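> Here's my sequence, what's the structure:
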Amino acid sequence: MSSYRYGRYVDGPDPLAPPTDLRAAMDELGREVMEGASPDSALRELLRRGVTGTRGLDDLTARLWQKRAALTRRNRLDGTLQEIQRLLEQALEAERAALFPDPDDDARFREAQLDALPQSTAAAVRELGEYDWRSPQARESYEKIQNMLGRELMDQRFQGMKQAMENVRPEDVQRIQSMLNDLNALLAAHAAGEDTAERFEQFMREHGEFFPENPRSVDELIDALAARSAAAQRMMNSMTDQQREELSALSQQAFGNTGVGSQLSQLDSLLQGLRPGEDWDGSARFRGNNPMGLGEGAQAMADLAELDALAEQLAQSYPGARLEDIDLEALVRQLGDEAGVDARRLAELERELRQQNLLERAPDGSLRLTPKALRRLGETALRGVIDSAREQGQRDNSSAGAAGELIGSTRPWQFGDTEPWNVPRTVTNAVLRSAGRPVKLDVVDVEVSETEQRSRAAVALCVDTSWSMVQDGRWVPMKRTALALHHLVRTRFRTDALELITFGRHAETVDIGRLTALEGVWEQGTNLHHALLLAGRHVRRHPDAQPVVLVVTDGEPTAHLEATGDAEFHYPPLERTIGKTLVEVDALARLGASITVFRLGDDPRLTRFVDTVARRSGGRVVAPGEDGLGAAVVSDYLRSRKRR
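Take a look at the predicted model:
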């Protein structure tokens, strides 16, 4: 029988994981935009926080910094020096133990030699290079110093060499010398501008075992070597002056004065000339208790550089930044497979938001929401409004025939149509399109029966954009209300003419995209007079429609428009400001418009004023809370249509 093993899927995102919830992401993005953030910053904030089931950039960055801090706090860089000092003391102790029982003068002379060794570890190792050891154990410890130095120096510049050279034989040292000679010659020829393609191929055939990363060209070889060499240099820069001097002197003793240390120094010089852009001057502070060897220290410096680069990529703070720029392989190396999956899903979310035509570039290069995105936000806002209305005991009483009476003609279905399907025309289109093949309905086949609109409305929604709306937490509910009403009109009552009017110190007409992205600014003035002037102009442009004027405000008028076009502000309000505002209320009443005022807040002066407006226009006052504003506005709009 066959046996199976099951484990975690690590080759990319889990194929069985649920897809990214674009609607939830779009709702979150829209909330940020409505609170005043630009689409650019809203998208960055969304990616920084992450979405359900996916950690954001902030979490990944925090984990990077935690690993970086742990690396520097746990380790120290003098591990190789400490090990050499230990082996040297072990060798001297064994040699003295072998000399002590011997009564001859040669033994006393040797003891004097050992006592006269310099304090410097590197100088002592160098002087002992010609010493004839009496103790086999002491000779073995001294040879360990030379071999360990060679392995560490090779591991410092060629990753993974320490384990591969655990038991170094003389022929191994010869291979290393041969490889370094050929490598330096190859890089020198490349630096001189010679064609080194064939020479590189020959080099890899002879010495490929030293390069497990398997570079495919001279440039790839130089890139790998330069990154490692620069890390080794940064490690040396991070040491004290005394430690650097000791290691520089000790490197000449690698593999017993074979010249490997000099060849590595020549290699470093060539690499610095070929890749001057690498960080050769950097350093880091290590203050832990765990001693690291030269190879481990170079890897730690390389890890620090990689962590810093990843942190910059995750910050996305440079022009044109995309999450696709993140080095996923490096992220997986540093934080594990799950971090790579999170980053990949965030990049997919960013890409989907763009590819699904939810975000687009404006002419100035900034991001903005597309009409499709605004429709989604409006749909969400309207759904929230309807849910709120149901909680308050109201019901959605729309019916299929509300659009009007059938007039006999048909047309192709478009997004947002609520007219009934014309089944005969729809089936006929499917049959003709199938051309003898099995008939399958498609959206392109659908035709709807056209209706004659019983009535239409000219709706002016005037929303207060003064600073108090931002300050008192009414900014987002106001925008959500406008989105919900806009979506309702555009999808269910498409023949109604909706005008969105904002008023602060001045009033102006805006489209839904601009209103959604509108930022709250410090500006004194509540110019309802100007807003009603614009509402009257909108009503006059549609003489065949029933006028509906809806006003959302949290303050009495404190500004009015002069004949020159300038706005005059005064608090408390001037009688002239109140008078000019009421003149426009009366003008709208003569056009048949009743004004519904949605009063936010409990200011007594505002209450008296809006009561006057309702009385003079035949309208009414609604005082919803911030959470109930959308339901109140949409319900009043539907109520006015039902009344007609």
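> hey, let's count contacts and neighbours off CA atoms from now on
Noted.
> any low-confidence regions in the stretch 301-450 of the chain?
Scanning the stretch 301-450 of the chain for pLDDT under 70 picks out 364-367, 385-407.
> residue ranges for the strands of it, please.
Using DSSP state E, counting those that start in this stretch, the strands found in the stretch 301-450 of the chain span residues 359-361, 367-369, 405-412, 447-452.
> Of the ones you listed, which is nearest residue 74?
Residue 74 sits nearest to strand 367-369 of all those, at 43.8 Å, using CA to CA.
> Point out the most buried one among the strands of the stretch 301-450 of the chain.
Among the strands of the stretch 301-450 of the chain, strand 367-369 has the highest mean neighbour count (mean count of other CA atoms under 10 Å), at a mean of 21.
> the bottom helix or strand of this structure by mean pLDDT?
helix 161-164 (a mean of 54; mean pLDDT, DSSP states H and E).
> after that one comes which helix or strand?
Where DSSP states H and E defines the elements, the next helix or strand beyond helix 161-164 is helix 170-191.
> Output the contacting helices and strands for that next one.
Contact analysis of helix 170-191 by 3 or more CA pairs under 8 Å, 6 or more residues apart in numbering; DSSP states H and E lists helix 197-207, helix 260-274 as its packing neighbours.
> Swap in 6 Å and give it another go.
On a contact count with 3 or more CA pairs under 6 Å, 6 or more residues apart in numbering; DSSP states H and E, helix 170-191 meets no helix or strand.
> closest to residue 240 out of the strands of the stretch 301-450 of the chain?
Comparing the strands of the stretch 301-450 of the chain under CA to CA, the one sitting nearest is strand 367-369, at 50.0 Å.
> one step back: quick one: which of the strands of the stretch 301-450 of the chain is nearest residue 598?
Taking the strands of the stretch 301-450 of the chain one by one with CA to CA, strand 367-369 is closest: 28.2 Å.
> show me what contacts residue 413?
446, 447, 448 (CA atoms under 6 Å, 6 or more residues apart in numbering).
> close enough to count as contact, the second one and residue 424?
Right, the one you point to is residue 447. No - counting by CA atoms under 6 Å, residue 447 stays clear of residue 424, with 9.1 Å between them.
> Could you say which helix or strand holds residue 502?
strand 497-503.
> what's around residue 273, how many residues?
Neighbour count of residue 273, defined by other CA atoms under 10 Å: 11.
> Distance of it relative to residue 627?
Residue 273 sits 66 Å away from residue 627, going by CA to CA, to the nearest Å.
> try residue 314
36 Å.
> next one: residue 606
For residue 606 relative to residue 627 (CA to CA), the value is 20 Å.
> Tell me which of those two has more neighbours.
Under the neighbour definition other CA under 10 Å, residue 606 and residue 627 were set side by side, and residue 606 has more, 18 against 15.
> in what helix or strand does that one lie?
Applying DSSP H and E, one finds residue 606 within helix 604-617.
> which other residues reach that helix?
Residues contacting helix 604-617 (CA under 6 Å, 6+ apart): 555, 556, 589, 594, 595, 620.
> any residues touching stretch 247-256, and which ones?
122, 146, 147, 149, 150, 261.
> As CSV, those residues with distance to residue 510 and neighbour count would be great.
Shown next, in CSV, are these (distance: CA to CA, whole Å; neighbours: other CA atoms under 10 Å):
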residue, distance to residue 510, neighbour count
122, 79, 21
146, 79, 21
147, 78, 21
149, 74, 27
150, 74, 27
261, 74, 23
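> Any stretches of the stretch 51-200 of the chain with poor pLDDT?
159-168.
> how about 80 then?
Under the criterion pLDDT under 80, the flagged ranges of the stretch 51-200 of the chain are 52-53, 146, 150-151, 157-173.
> At which residues are the helices of it located?
57-74, 79-99, 105-115, 121-127, 136-157, 161-164, 170-191, 197-207 (DSSP state H, counting those that start in this stretch).
> Packed most tightly, which of these would that be?
By mean count of other CA under 10 Å, those have helix 136-157 as the most buried, with a mean of 22.
> could you check the angle helix 170-191 makes with that helix?
30 degrees (axes from the mean of the first three to the mean of the last three CA atoms, to 10 degrees).
> Just name whatever secondary elements helix 136-157 is in contact with.
helix 79-99, helix 161-164, helix 294-315.
> who does the helix or strand harbouring residue 33 touch, helix- and strand-wise?
Residue 33 belongs to helix 22-34 when assigned by DSSP H and E. Contact partners of helix 22-34 among helices and strands, from 3+ CA pairs under 6 Å, 6+ apart: helix 39-49.
> Would you pull up how far the helix it packs on lies from the middle of the chain?
7 Å (CA atoms, centre = their mean, to the nearest Å).
> Residues in contact with it: which ones?
With CA under 6 Å, 6+ apart, helix 39-49 has contacts from 29, 32, 33, 56, 57, 58, 367, 368.
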